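> Prediction below, plus the sequence it came from.
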Amino acid sequence: MSAPLIALADASFGYDAAPVLSHVTYAVEAGEFTGIVGPSGSGKTSLLKLLLGTAKPQRGTVVRRPDVAVSYVPQLETVNWNFPVTVAECVLMSRASTRLLPWPTQEERRDVAAVLDRLGIGDLAGRHIRELSGGQQQRMFIARALLRRPQLLLMDEPTSGVDIGTRHEVLHLLDELHRDGLAIVLTTHDLNGMAAHLPNLVALNRTVIAHGAPSEVIVPEVLERTFGARMEVLQHLGMPVVVDGSDQVRLRPVAG
Amino acid sequence: MTLWQTLLDPFNYQFFQKGLVAAVIAGALCGLIGVYVTLRGMSYIGHGLSHAIFGGYAAAPLLGIPVVLGAGAWGLASALAINAVARTKRIGADAAIGVVTTASFALGVALLTKFGNKGPSFDALLFGSINGVSTSDLLLLAGALLFAGAVFTVLYRAFLFSTFDPEVADVSGVSVRRMDALLMLVLSVSILATLKIIGVTLVAATLVIPAVVARMLSDSFSRMLWISTGLGAAAGAVGMYLSFQLEIPSGTTIVLVNAAVFVAVLVVTRGQALRRAGGLDDHVESGAPTPLAGAAR
């Protein structure tokens, strides 16, 4: 068995005196497809930063295999969609560190066209990024990430703020990429729409609460420890479905 | 004197010829850098840096340092200080600019009031002047334009990436911190070189207006660079000519020409261009979503 792509061992991280992650041990294996779930402030983004290498652990270690290329896809909501670039120009940005001059080489043109075709948006290369639908925007950023030929794709809330159709589209696409051998780790707060569909989950709340298949992680005990609230889990077509089991949040109709 | 002779009269004067060349270079330089400044949401930094450099202008002769060197170093130090403070995210860039640059400007005014001025006149520094553009000023401007052109050509992709998406650029092999510092260096050198022509109070407009007009006219980053640079140069030339004819400070006329172009584009496009520049266009849904063929597992 080969070494993990990235391994965190007893890693702790925080800002100033406030700990965000504490004693996290987690290894990203080649070809895995994992969702990191947890409430707001649970450290999901900080864990991504440790995996990306943009943050250093204050305690413990993060070891990345030297030959591993990692690409990152940001949240769509953080992007300035009015920025004056076309789809092809945006995708080509991932070659910024390999060629200095502005104009692309023939090989780069071919590579960009190939990756856009692979993701089904080849005919949109000359469009302004604002003109894309939510699913196409996500495809464009995945294309930019894939142009670096990564072994690992890290994504921050890839379905945050998108409609159901787009969420299905993104899930479908990520599944295809995973089947082609790409390791994918993403964060999500969407238990039913996203997490339940993934092969592996990490339940996180400052530390790893549980790690495994959805059937092992999406269970009331783990969810209560992770989210701090009681939830019921039903089974629907062989997949877990989370429902809020707390009586206190049920609103009663106003009399009269 | 015929109308034709009146129109061509300024070109008989060497000081005007030098001023015209300087204004064209200064306009092009500000137009080029302005694209990066406005797209990074740093429009106010030009205003702030010019005020900071004013402090250096006043202090350098008193310290026995060449004005260009002293004011340049002062401006760069201010720019890096603003960048460093803004990066901490505890204080926003606007507040950092406000603190660093107004303090520097106040120091400059205090020094000039107390010890007098050994360089360009106070009014010329504030509003720009057609007079007294020397060969060394032209060389400084040409050098600044060449420097900025070389930096933005060789590092075109890195600047584009770090301007559009600094978070991802940083993890994709582009040193955003280095790009930021380099942009501050180019900006400081450029403001220093153009200050005499355009003036402390008006530099910001020559950075912002051509870039905004270019954004109104184009959805392409590379075309924006060309339009903004060309428009800046043309506004510099026309503004300098009007400065001579109307006997108004050159910085003022250059900014007014830029503003007139902005209004003209706004009127001709009936506000559509402004919506593009302001990101007010509706989100366009296009293309059918891929059907979900089974669970992604």
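Yep, it's here. Residues are numbered from 1 along each chain as shown, chains lettered A, B, ... in the order given.

> can you tell me the helix or strand for the residue of the stretch 101-250 of chain B with the smallest separation from chain A?
Residue of the stretch 101-250 of chain B nearest chain A, by CB to the nearest CB: residue B:173 (3.1 Å). C-beta here means a position set from N, CA and C on the backbone, and glycine is covered the same way. Here residue B:173 is covered by no helix or strand, with elements defined by DSSP states H and E.

> Pull up the gap between the nearest residue to it once chain neighbours are set aside and residue B:39, please.
Nearest non-adjacent residue to residue B:173, counting by CB to CB, 6 or more residues apart in numbering or on different chains: residue A:97, 3.1 Å away. Using CB to CB, to the nearest Å, we find residue A:97 at a distance of 20 Å from residue B:39.

> For these two, indicate the residue with more neighbours.
residue B:39 (21 against 16; other CB atoms under 10 Å in any protein chain shown).

> residues in contact with the residue of the stretch 101-250 of chain B closest to chain A?
Contact analysis of residue B:173 by CB atoms under 8 Å, 6 or more residues apart in numbering or on different chains lists A:96, A:97, A:98.

> Just to check, the first one is in contact with residue B:163?
No: the pair formed by residue A:96 and residue B:163 falls short of the contact definition of CB atoms under 8 Å, at 11.0 Å.

> Not counting its neighbours along the chain, what's nearest residue B:30?
Per CB to CB, 6+ apart, closest to residue B:30 is residue B:206, 4.0 Å.

> Mind giving me the packing neighbours of the helix or strand that contains residue A:63?
Element membership of residue A:63, judged by DSSP H and E, is strand A:59-64. Contact here means 3 or more CB pairs under 8 Å, 6 or more residues apart in numbering or on different chains; DSSP states H and E; on that basis strand A:59-64 packs against strand A:6-15, strand A:18-28.

> Out of the ones you listed, the one nearest chain B is which?
So among those, strand A:6-15 is nearest, using CB to the nearest CB, at 10.6 Å.

> which residues sit against that closest one?
A:19-28, A:43, A:46-47, A:49-51, A:55-65, A:68, A:70, A:152.

> what bits of the stretch 151-297 of chain B have low per-residue confidence?
Where the stretch 151-297 of chain B drops to pLDDT under 70, the residues are B:273-297.

> Do a quick rundown of the helices in it.
Taking DSSP state H, counting those that start in this stretch, the helices of the stretch 151-297 of chain B run over residues B:156-164, B:166-170, B:176-198, B:203-217, B:221-246, B:250-268, B:272-278.

> Buried deepest among the ones you listed, which one?
Neighbour counts (mean count of other CB atoms under 10 Å in any protein chain shown) averaged over each of the helices of the stretch 151-297 of chain B peak at helix B:203-217, with a mean of 26.

> Between helix B:250-268 and that one, find me the angle.
20 degrees (axes from the mean of the first three to the mean of the last three CA atoms, to 10 degrees).

> Now helix B:203-217 - C-alpha only, PDB.
The C-alpha trace of helix B:203-217 is given here as PDB (Å, rounded to 0.1, in the frame of the first residue of the first chain):
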ATOM      1  CA  VAL B 203      -3.400  61.500  -9.600                       C
ATOM      2  CA  ALA B 204      -6.100  59.200  -8.300                       C
ATOM      3  CA  ALA B 205      -8.500  60.200 -11.000                       C
ATOM      4  CA  THR B 206      -6.100  59.500 -13.800                       C
ATOM      5  CA  LEU B 207      -5.600  56.000 -12.300                       C
ATOM      6  CA  VAL B 208      -9.300  55.300 -11.900                       C
ATOM      7  CA  ILE B 209     -11.200  56.900 -14.700                       C
ATOM      8  CA  PRO B 210      -9.500  55.400 -17.800                       C
ATOM      9  CA  ALA B 211      -9.700  51.900 -16.200                       C
ATOM     10  CA  VAL B 212     -13.400  52.300 -15.400                       C
ATOM     11  CA  VAL B 213     -14.100  53.500 -18.900                       C
ATOM     12  CA  ALA B 214     -12.100  50.600 -20.300                       C
ATOM     13  CA  ARG B 215     -14.200  48.200 -18.100                       C
ATOM     14  CA  MET B 216     -17.400  49.900 -19.400                       C
ATOM     15  CA  LEU B 217     -16.300  49.200 -23.000                       C
END
